[in-house]
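J.: Have a look at this fold, sequence not included:
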């Protein structure tokens, strides 16, 4: 038995864009979508995560910050099921991620999106095929529906005319946006962003964070964003988690951080913001 | 360094690699139940693996057949046993030289390319991207390669056998002055069907082993571009070893059955 081909479909011209089905909210706003307890991960003798406790609710955008090498990407990969933790518990969208079987994990992954630090676009597919791919593989939509949705998602990330290009013909910022469009194609309830502005210039970084906030607001999805770029992620995030030495060092809103007397938190948040550091 | 530690570490490494290869095979077989193939990926691989390999296989086989006839030509001329020329070339090509040589060419061209492709996908997180999109990389990437390599190596071996015999016949005609009809009579009158089928069994086995080994090395790459280079190197060496190990086993089994 063969699965439907989408390469032929993509060779055709795009049908006119129509209004999409609108945002999907399988979870009610405020429900816990991700709960992590006592998460530990070592690589050899190096302790990367040393008992992380973390929780996020539907509709939130949470920024995970911390110095380089503190284990932010490892944390996200464990939450997505790409890495196995050494200890701890993860409840993702109401299911125990570490206890469910492979098939249930596959089904759970259909409800979660991940935008990779290094894009991870399939270099043997066009941009349109990349964005369509998760939907095609799911096999529940007709080719015309897929085309319309791809067009919608690309338009949302301000890339309406790149469908026929190959990923290597795009700039870094454009690749990030295509990654976002691909992660959004199946309307996931929760999206992880692994350093979405790594290697981008400040203007493009601001655009990416604005885009994250805009698409999140359109779909009422929940987002976990990893970044070093505290200045530019401010418009996108509702609250922050600061990882340090494998543990959560601070959690709270920007206002909480600014009020904090903890020198590390102060340094992180105020140094990140040039204007405030200058004012202080 | 302690020689026992060196031997022990080498044994552990070999066991780890062998275990990894067996696990890839088990995952492939599990993913093929029930048989379900991604059409695009399977067609693409059949083309890349098969169609693009025709020229190199034809060239290699043609000149191998020619060389075999030239090498044996001295003795044929001395003894005048021209009827044995076709039998000798046919026997060697169909049972041994055809599948083994084409298998080695195939592992160098297709196996190395496969390891590099999957390895690059691994280090650029494209394999992780597939998993996060709820797509099983074994089902989507490995199974089409496994099926394509097995199928295409059989077809390429048949094609290679044919061109090796054509190369032998042309050489016998123009270099040894032995009529090509005498050459082909020697081939067809020798009842080499058993050798032909033994060669096909070898081709299927080599195709399976090349695909599993090259996928294993591709999917376990670590360390960026350098890691991909190391994996390709290890894949080519392991594939060559695999071909000779399976060749010995099948030849031994076939001869045991034939000489009973």
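T.: Received it, and whenever you're ready, just let me know what you need. Model, not experiment: these values are computed from the prediction.
J.: Spit out the contact partners of residue 107.
T.: This is for chain A. Residues in contact with residue A:107 (C-beta atoms under 8 Å, 6 or more residues apart in numbering or on different chains) are residue B:134. For every residue, glycine as well, the C-beta is placed using N, CA and C.
J.: should've been chain B
T.: With C-beta under 8 Å, 6+ apart, residue B:107 has these contacts: B:206, B:210, B:214, B:236, B:239, B:240, B:243.
J.: now, the most widely separated pair of those residues?
T.: Greatest spacing in the contacts of residue B:107, by C-beta to C-beta: B:206 and B:236 (13.8 Å).
J.: More neighbours: the two, which one.
T.: For residue B:206 versus residue B:236, the count of surrounding residues by other C-beta atoms under 10 Å in any protein chain shown is larger for residue B:206: 29 against 19.
J.: Give me the number of neighbouring residues for the residue lying closest to the more buried one once chain neighbours are set aside.
T.: Leaving aside its chain neighbours, residue B:206 sits nearest to residue B:103 (3.9 Å; criterion: C-beta to C-beta, 6 or more residues apart in numbering or on different chains). For residue B:103, the number of neighbouring residues by other C-beta under 10 Å comes to 29.
J.: Does residue B:103 touch residue B:202 like I think?
T.: Yes. At 7.3 Å, residue B:103 counts as touching residue B:202 under the criterion of C-beta atoms under 8 Å.
J.: what sits in contact with each of these two?
T.: What both residue B:103 and residue B:202 touch, as defined by C-beta under 8 Å, 6+ apart, is the set residue B:157.
J.: what about the helix or strand in which residue B:163 is found and chain A, touching?
T.: Here residue B:163, judged by DSSP states H and E, is contained in helix B:143-174. No. Helix B:143-174 lies out of reach of chain A by C-beta under 8 Å from any C-beta of the partner chain, never closer than 10.7 Å.
J.: Could you tell me which other helices and strands that helix packs against?
T.: helix B:3-31, helix B:39-49, helix B:54-79, helix B:83-92, helix B:98-106, helix B:180-188, helix B:193-219 (3 or more C-beta pairs under 8 Å, 6 or more residues apart in numbering or on different chains; DSSP states H and E).
J.: can you give me the mean pLDDT across the longest one?
T.: In this model, helix B:3-31 carries a mean pLDDT of 93.
J.: What residues sit buried inside it?
T.: The neighbour-count check on helix B:3-31 (16 or more other C-beta atoms under 10 Å in any protein chain shown) flags B:17, B:20, B:21, B:24, B:25, B:27, B:28, B:31 as buried.
J.: check contacts around the residue of the stretch 151-260 of chain B found nearest chain A.
T.: Of all residues in the stretch 151-260 of chain B, residue B:224 sits closest to chain A, at 11.1 Å by C-beta to the nearest C-beta. Shown here is residue B:224, whose contacts under the criterion C-beta under 8 Å, 6+ apart are residue B:123.
J.: And it, how far from residue B:124?
T.: 9 Å (C-beta to C-beta, to the nearest Å).
J.: What of residue A:87?
T.: As judged by C-beta to C-beta, residue A:87 and residue B:124 stand 30 Å apart.
J.: my read: residue B:231 touches residue B:216, true?
T.: No. Residue B:231 is not in contact with residue B:216 according to C-beta under 8 Å; the separation is 9.3 Å.
J.: what comes up buried for the one helix or strand residue B:241 maps to?
T.: In this assignment (DSSP H and E), residue B:241 forms part of helix B:224-258. Going by neighbour count (16+ other C-beta under 10 Å), the buried part of helix B:224-258 is B:228, B:231-232, B:234-236, B:238-240, B:242-243, B:246-247, B:250, B:254.
J.: Show me which pair in these is furthest apart.
T.: B:228 and B:254 (37.5 Å).
J.: I'd assumed residue B:72 was in contact with residue B:88.
T.: Yes. Using C-beta under 8 Å, residue B:88 is in contact with residue B:72, at 5.7 Å.
J.: Now do the shared contacts for the two.
T.: Contacts common to residue B:88 and residue B:72, judged by C-beta under 8 Å, 6+ apart, are absent.
J.: Check the burial of residue A:154 by counting its neighbours.
T.: Residue A:154: 24 neighbours (other C-beta under 10 Å).
J.: Test my guess that it contacts residue A:162.
T.: Yes. Shown here, residue A:154 and residue A:162 form a contact pair, counting by C-beta under 8 Å, at 6.8 Å.
J.: got any residues that touch both of these two?
T.: By C-beta under 8 Å, 6+ apart, the residues touching both residue A:154 and residue A:162 are A:127, A:178.
J.: Enumerate every residue touching residue B:66.
T.: Taking C-beta under 8 Å, 6+ apart, one finds B:167, B:168, B:170, B:171 in contact with residue B:66.
J.: Could I get these in a markdown table, plus columns for pLDDT?
T.: Listed next are those as a markdown table, based on pLDDT from 0 to 100:
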| residue | pLDDT |
| --- | --- |
| B:167 | 94 |
| B:168 | 92 |
| B:170 | 94 |
| B:171 | 92 |
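J.: Most neighbours among the residues you listed, which one?
T.: Most surrounded of the contacts of residue B:66: other C-beta under 10 Å gives residue B:168, at 32 neighbours.
J.: Help me confirm that that one comes into contact with residue B:70.
T.: No. Applying C-beta under 8 Å, one finds residue B:168 not in contact with residue B:70, separated by 9.3 Å.
J.: Contacts only, for residue A:225.
T.: Contacts of residue A:225 by C-beta under 8 Å, 6+ apart are A:61, A:62, A:63, A:64, A:193, A:196, A:209, A:212, A:233, A:236, A:237.
J.: Which residues of chain B lie near chain A?
T.: B:34-40, B:42, B:124-126, B:128-129, B:131-136, B:140.
J.: Please pick the buried ones from those.
T.: B:37-38, B:40, B:42, B:124-126, B:128-129, B:131-136, B:140.
J.: From these, which land in helices?
T.: When DSSP state H is applied, those are split such that B:40, B:42, B:126, B:128, B:129, B:131, B:132 fall in helices.
J.: any idea which of the residues you listed is closest to residue A:137?
T.: The shortest approach to residue A:137 among these belongs to residue B:40, at 10.7 Å (C-beta to C-beta).
J.: What separation is there between that closest one and residue A:132?
T.: In terms of C-beta to C-beta, residue B:40 sits 12 Å off from residue A:132.
J.: now swap in residue B:205 and tell me
T.: Distance from residue B:205 to residue A:132, counting by C-beta to C-beta: 38 Å.
J.: same thing with residue B:79?
T.: From residue B:79 over to residue A:132 (counting by C-beta to C-beta), the distance is 68 Å.
J.: same question, residue B:204
T.: 36 Å.
J.: all strands of the stretch 101-250 of chain A, in order?
T.: Applying DSSP state E, counting those that start in this stretch to the stretch 101-250 of chain A gives strands spanning A:112-115, A:190-194, A:222-226, A:239-244, A:247-252.
J.: Quick one: closest of those to residue A:176.
T.: That would be strand A:112-115 among those, by C-beta to C-beta, at 7.0 Å.
J.: anything in that closest one near chain B?
T.: Yes. Using C-beta under 8 Å from any C-beta, strand A:112-115 reaches chain B at A:112, A:113, A:114.
J.: Against which helices or strands is that strand packed?
T.: Applying 3+ C-beta pairs under 8 Å, 6+ apart, one finds that strand A:112-115 contacts helix A:72-80, helix A:172-184, strand A:190-194, helix B:126-132.
J.: Before I go, just wanted to say thanks for your time.
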